[in-house]
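1. this is a predicted model, with the sequence first.
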Amino acid sequence: MSGFSRVYFFPKSVALLLLALLLTATSPAQTSSARLIPFRQGTKWGYVDQHRRLVLPLLYDEAGPFVRELAWVRIGPLYGYIDGGGNPVTPVQFTKASTFVRNRATVELNGETFQIDGSGKRLTTPPEPEPETEFLTQGDLLRQNGKVGFRFTVGQAVVPSIYDEIVENYNGLLFVRQGAKWGVLNNKGKLILPLEYDAIRAVEANNFVLPVVEQQGKLGYLAEDGTLLVAPKYAAAEPFVADVARVTTPDGRTGYIDTRGREYFD
C-alpha cells in the first residue's frame, strides 16, 4: 500500500529529506477528526468510536483510517474501500490501496497502478500539484562562527547562535539541532523539549501536526505545544491522519492511537 505526499524528516545527519508517505498520507483539508477509528482485536479489524464502542464489526484482516468517510480495508491479500456505514465503495479486488488524498486514492489492479475518486471511478487526469511551502516565515536565521540562531519577527525573542541547524515548524515552534541531537524551541525562544532526540519527522500533508520523534530506535509523538504527547516506545510510527496514527509495538502488534495517545488495539 502506498500514498503519495511529502515528508520532511530531520534526522541525525542534518539533511532535510523529501520522502513519499506510505499509506497514511492526506492533505490539510482532510485532517478533520474521523468519526470512526480502526480497531484491532486479535487478528481481526473493525471500527470503534472514540469511546472504544464497536460500530463496524471485526470483519477485516486489516483496516485503514477514514478520510472524508472513506477507508481502505483488506480481506486476505486484497484491498477495497468502504464508507462510514461499512458499505462497499469498491469491490475487494486491489493488490495495493492507499488512503485518499484530496479525493484521490492510488490502487493497483492486475499489475497496473492508477488513481480512483471517492466513488471508486478510475481517474484519467493528473492531480493538481501541491503548493510549495515557504519556510522561516516567523523570522530570520542568524549565523555566527559556524553556528545558527534565530530572530523572531514578532516580539523581541532572539535565539542565540549556538545551534548547528534550525528548522521552522508549525504552531510557532522551531526544531533545533546541536551535534546529532534535536530539541524544540517555542516562539519565545525557550527550549521546551530537551536536545535528547535523534530525529524529528513532520509532514506537510497533515499541516505538520504531532510530529514523530525518535530516541534510541524507539518512536513517539510530539504534542501541539512541542512537548511529548507519547514518549518514544514504538517500533514504527506513521504520521497522523484524521486524528489517528498507525503504530507498531516492539512485540509486533499494530494498531492506531488518537491525538491523546490512547491505543485502539488489544
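-> Arrived safely. Numbers count the residues shown, from 1 in each chain.

2. helix or strand right after the least confident helix or strand in the chain by mean pLDDT?
-> None of the helices or strands of the chain scores lower by mean pLDDT, DSSP states H and E than strand 17-20, at a mean of 32. Going down the chain from strand 17-20, the next helix or strand is strand 37-41, by DSSP states H and E.

3. convert the C-alpha atoms of that following strand to PDB, please.
-> The C-alpha trace of strand 37-41 is given here as PDB (Å, rounded to 0.1, in the frame of the first residue of the first chain):
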ATOM      1  CA  ILE A  37     -11.200   4.700  14.400                       C
ATOM      2  CA  PRO A  38      -9.700   1.400  13.100                       C
ATOM      3  CA  PHE A  39      -9.700  -1.100  16.000                       C
ATOM      4  CA  ARG A  40      -7.800  -4.500  16.100                       C
ATOM      5  CA  GLN A  41      -8.800  -7.300  18.400                       C
END
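
4. list the buried ones in the helix or strand following it?
-> Using DSSP H and E, the helix or strand that directly follows strand 37-41 along the chain is strand 44-48. The neighbour-count check on strand 44-48 (16 or more other C-beta atoms under 10 Å) flags W45, G46, Y47, V48 as buried. Any C-beta I mention is one placed from the backbone N, CA and C, and that applies to glycine too.

5. so the helix or strand following strand 44-48 versus strand 44-48, what angle?
-> Moving toward the C-terminus from strand 44-48, the next helix or strand (DSSP H and E) is strand 54-60. On the basis of axes from the mean of the first three to the mean of the last three C-alpha atoms, to 10 degrees, strand 54-60 is oriented at 160 degrees to strand 44-48.

6. by contact count, what packs against the next helix or strand after strand 54-60?
-> Where DSSP H and E defines the elements, the next helix or strand beyond strand 54-60 is strand 62-63. Packed against strand 62-63 by the contact rule (3 or more C-beta pairs under 8 Å, 6 or more residues apart in numbering; DSSP states H and E) you find strand 37-41, strand 44-48, strand 70-75.

7. got the CA coordinates for the helix or strand containing Q115 in PDB?
-> Under the criterion of DSSP H and E, Q115 resides in strand 112-116. Output in PDB follows, covering the C-alpha atoms of strand 112-116 (Å, rounded to 0.1, in the frame of the first residue of the first chain):
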ATOM      1  CA  GLU A 112      -1.500  -1.700 -13.300                       C
ATOM      2  CA  THR A 113      -1.300   1.300 -10.900                       C
ATOM      3  CA  PHE A 114      -3.800   4.100 -11.300                       C
ATOM      4  CA  GLN A 115      -6.000   6.500  -9.200                       C
ATOM      5  CA  ILE A 116      -9.700   6.400  -8.300                       C
END
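
8. need the residues that contact it.
-> With C-beta atoms under 8 Å, 6 or more residues apart in numbering as the test, strand 112-116 has contacts from T90, K96, R104, A105, T106, V107, R122, L123, P127.
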